[in-house]
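Below: sequence and its predicted model.
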Amino acid sequence: MDLSFLAEDSPSAAIGLLGAVITSVVDGETVSLRLNEVEAYLGRDDPASHAYRSRTARNDPMYGPAGTVYVYRSYGIHWCMNLVTARVDEPQAVLLRGGSVVEGTNTVIERRGRPDHLADGPGKLTQALGVTGSDSGSMLGAGRVSITCLPVSEPAYTITPRIGISAGVDALLRFVAVDR
DNA sequence: CACAAGATTGACT
DNA sequence: GTCAATCTTGTGT
């Protein structure tokens, strides 16, 4: 799988991820999601980014190479998953906000504890894949998570401001696939 | 060292 | 629509 597009700036990488299929193998169970909602975070100049201030133990993976997985705990309860983009020491990432299950539906229903709303939110998507903080810092394809399919054609998408942030609210960096 | 705020979700009124 | 759960970072004392 050619993941070189992840080395571009996060907005470009985010668009390239729309329609891509991400797969995890956790506890012997394979789950695949087609991504349809992502957000770009720009790093040091982006007040909404975790890398806006200093480099810490949490955001350290953001400074790694494109294709690094960055997972953080949200509101003390959920895990949220990003894919690092751009180059080393340039802390950019794409937050995976939503997707549709294309493989392992039964496993996802079991993990989510309900038959619907399986991956329509960053915390839900991460739980569906079985990804936790222990996956943060690992590399796509080398750990439990990989990209197994890219969009076949240019994805149709809409652009909106990002969700759930209080700084940088004007930036149009959320990308939602039109044809889910 | 104390404490407020957060890239959210699900249960409840 | 409203609200609690729960932990880590960043900032101030």
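Now that the structure is in, tell me what you want to look at. All of these numbers come straight from a predicted model, not from anything done at the bench.

A:P65 - that's part of a strand, no?
No. Counting by DSSP: H, G, I helix; E, B strand; the rest coil, A:P65 is not part of a strand but coil.

Hmm, A:D89 and it touching each other?
No. Contact between A:P65 and A:D89 fails when scored by CB atoms under 8 Å: they sit 9.7 Å apart. In short, each C-beta sits where N, CA and C put it, glycine included.

Looking at these two, which one has more neighbours?
Set side by side, A:P65 and A:D89 show more neighbours around A:P65, with 15 against 11, by other CB atoms under 10 Å.

Bridged to the residue lying closest to A:T68 once chain neighbours are set aside, which residues?
In space, and not counting its chain neighbours, A:T68 is closest to A:V84: 4.0 Å by CB to CB, 6 or more residues apart in numbering. For A:V84, the beta-bridge partners are A:A93 (DSSP bridges).

ok, now which ones touch A:V84?
Contact partners of A:V84, counting by CB atoms under 8 Å, 6 or more residues apart in numbering, are A:6, A:61-62, A:64-70, A:91-93.

Local confidence estimate at it?
What the model reports as pLDDT for A:V84 is 96.

ok, back up a step: would you mind listing which of the contacts of A:V84 are buried?
Among the contacts of A:V84, the ones that count as buried by 16 or more other CB atoms under 10 Å are A:L6, A:P61, A:M62, A:G64, A:A66, A:G67, A:T68, A:V69, A:Y70, A:P91, A:Q92, A:A93.

Surely the fourth one is in contact with A:V88?
So that's A:G64. Yes. When contacts are counted by CB under 8 Å, A:G64 is listed as touching A:V88 (6.5 Å).

can you give me the strands for chain A?
Remark: strands assigned in chain A by DSSP state E are A:21-26, A:29-41, A:69-74, A:78-85, A:92-103, A:145-149, A:157-160, A:174-177.

dump the residue contacts of the closest residue to A:H50 other than its chain neighbours.
Distances taken as CB to CB, 6+ apart place A:N59 nearest to A:H50, at 4.4 Å, with adjacent residues excluded. The contact partners of A:N59, by CB under 8 Å, 6+ apart, come to A:H50, A:A51, A:Y70, A:Y72, A:P91.

Return the residues of chain A in contact with DNA strand B.
A:39, A:41, A:48-51, A:62, A:70, A:73-78, A:80, A:82, A:93, A:95, A:112, A:114, A:117, A:121-125, A:162-167 (CB under 7 Å from any atom of the strand).

remind me which residues of chain A are low pLDDT?
Along chain A, the parts satisfying pLDDT under 70 run over A:180.

How about it: which residue is closest to DNA strand C?
A:G76 (2.8 Å; CB to the nearest atom of the strand).

So what's the residue count around that residue?
So A:G76, with other CB under 10 Å, has 5 neighbours.

And it, how far from A:S12?
Here A:G76 is placed at a distance of 33 Å from A:S12 (CB to CB, to the nearest Å).
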